[in-house]
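**Student:** here you go, sequence then predicted model.
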Amino acid sequence: MITEIGNFLEEPEELFVVYNPFLEVIAKNQKTMSILPRPNGILIAAACNNWGIGLNGELPWKLKRDLAYFERVTKRVLVDKEEINNKDKSDNDKIRNAVIMGRLTWESIPKKYQPLKGRLNIIISNSMKNDDNSNKGGYLIYPSLEKAIQDLEIDSQIFRIFIIGGSKIYEEAINSLSCKYILLTKIYKEFKCDRFFPQIDENVYKLVDHLELEKFVGEIVPQGKQLDGDIEYEFLMYKRIL
Ligand SMILES: NC(=O)c1ccc[n+]([C@@H]2O[C@H](COP(=O)([O-])OP(=O)(O)OC[C@H]3O[C@@H](n4cnc5c(N)ncnc54)[C@H](OP(=O)(O)O)[C@@H]3O)[C@@H](O)[C@H]2O)c1
């Protein structure tokens with residue numbers, strides 16, 4: 001199903017640096033958008049009723065609108081309007097988000113769509129090494145999630161760090177203090193799965209209201225349960241409180 005992400009990648013790319021007037025409206029009392037949090041790590045996942053996320057190396061469902069949301073949100077870089085005016089535009093163009101994934105999630109992406117465009121792709125693996133292929137392919141391999149996050153946090157050209165799966169990576173990330181948010185597409189249907197999202201401890205992560213989700217992702221997000229074919233789903237966001 002990651003193929004579907006690829007399909008969206010064939011569409012014209014949106015600019016990395018987005019000044020979204022919608023944010024100005026919701027942040028009207030704020031001096032600039034720079035006070036929006038710059039989080040360390042954000043888990044982004046779609047999980048069904050039984051908390052499944054994958055089957056046989058693929059997504060168990062087809063949800064085009066969720067894949068489009070995934071692509072927009074993981075590509076979007078929100079930059080302060082004043083910063084855009086003051087800085088050389090070429091500096092802003094260099095800022096992008098990182099997507100961190102486990103080796104099997106990487107392998108589930110069809111080769112022609114590797115790496116995911118417009119984002120720094122990082123693969124966590126002990127069996128792959130940085131070599132000519134990774135240099136030419138424009139992706140990086142790290143032996144641990146922690147080390148990858150540490151390096152990205154001090155990289156001034158990285159805006160947000162998205163942890164995009166699969167189950168092992170989510171498991172480690174959800175328990176890491178570096179991970180502050182979970183963007184979850186909750187699918188209200190049960191699917192046969194062999195990979196699962198870890199339990200969200202509601203003492204640690206609190207469900208935020210819809211406006212906060214919209215402000216965070218920088219777009220108007222359909223609120224409440226949505227229908228795609230016979231699948232009901234909802235865009236949610238949790239925020240670490242401990
Ligand atoms: N629903 C969703 O949102 C979503 C998102 C992403 C993926 N998926 C699905 O999830 C499945 C793939 O996920 P998966 O759980 O099977 O595998 P995965 O987490 O993507 O990859 C596992 C591999 O990553 C490396 N790895 C993981 N944790 C590591 C660590 N702490 N340190 C070093 N290396 C680590 C290891 O690679 P080496 O063996 O090379 O060391 C390990 O074998 C697919 O079905 C995919 O479609 C679903």
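**Tutor:** Happy to help now that I have it. Numbering: from 1, shown residues only.

**Student:** for the protein, just list every one of the helices.
**Tutor:** 2-9, 21-26, 64-75, 81-86, 89-94, 103-107, 132-137, 145-153, 167-174, 210-217 (DSSP state H).

**Student:** pLDDT score assigned to the residue lying closest to S125 once chain neighbours are set aside?
**Tutor:** Nearest residue to S125, sequence neighbours excluded (Cβ to Cβ, 6 or more residues apart in numbering): R103, at 4.0 Å. From N, CA and C alone the C-beta is placed, and that goes for glycine too. We have a pLDDT of 97 for R103.

**Student:** for G229, same thing?
**Tutor:** pLDDT at G229 comes out at 93.

**Student:** what sits against it?
**Tutor:** K62 (Cβ atoms under 8 Å, 6 or more residues apart in numbering).

**Student:** up against the ligand, what does this protein have?
**Tutor:** 45-46, 53-54, 57-59, 101-105, 108, 124-128, 143-145, 164-169, 172, 195 (Cβ under 6 Å from any ligand atom).

**Student:** put the buried members of these into a ChimeraX selection.
**Tutor:** Applying 16 or more other Cβ atoms under 10 Å to the residues of the chain next to the ligand, the buried members can be selected in ChimeraX as follows:
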select :45,46,53,54,59,101,102,103,104,105,108,124,125,128,145,164,165,166,167,168,169,172,195
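
**Student:** what's the spacing between the residue nearest to S125 and A173?
**Tutor:** Distance from R103 to A173, counting by Cβ to Cβ, to the nearest Å: 15 Å.

**Student:** likewise for Y233?
**Tutor:** Taken as Cβ to Cβ, the span from Y233 to A173 is 22 Å.

**Student:** and the pLDDT for G138?
**Tutor:** So, for G138, pLDDT stands at 89.

**Student:** so who does the closest residue to it other than its chain neighbours touch?
**Tutor:** Leaving aside its chain neighbours, G138 sits nearest to P115 (5.6 Å; criterion: Cβ to Cβ, 6+ apart). Contact analysis of P115 by Cβ under 8 Å, 6+ apart lists 121, 137-139.

**Student:** let me know the closest of these to the ligand.
**Tutor:** Set against the ligand, the nearest of the contacts of P115 by Cβ to the nearest ligand atom is N121 (12.7 Å).

**Student:** nearest residue to the closest one in space, please, no chain neighbours.
**Tutor:** Using Cβ to Cβ, 6+ apart, the closest residue to N121 is P115 (3.5 Å).

**Student:** ok, now how distant is that neighbour from A45?
**Tutor:** For P115 relative to A45 (Cβ to Cβ), the value is 19 Å.

**Student:** surely F197 is in contact with I44?
**Tutor:** No. Between F197 and I44 there is no contact under Cβ atoms under 8 Å: 11.1 Å.

**Student:** okay, those two: which has more neighbours?
**Tutor:** Shown here are F197 and I44; by other Cβ atoms under 10 Å, F197 has more neighbours (25 against 22).

**Student:** let's see the pLDDT reported for the more buried one.
**Tutor:** For F197, the predicted pLDDT is 98.

**Student:** what of T32?
**Tutor:** With respect to pLDDT, T32 has a value of 37.

**Student:** likewise for the one 4 residues further on?
**Tutor:** Per-residue confidence at L36 stands at 45 (pLDDT).

**Student:** bridged to the residue nearest to F159 when sequence neighbours are not counted, which residues?
**Tutor:** Once flanking residues are discounted, F159 sits nearest to V77: 4.4 Å by Cβ to Cβ, 6+ apart. The partner list for V77 in beta bridges (DSSP bridges) reads V17.
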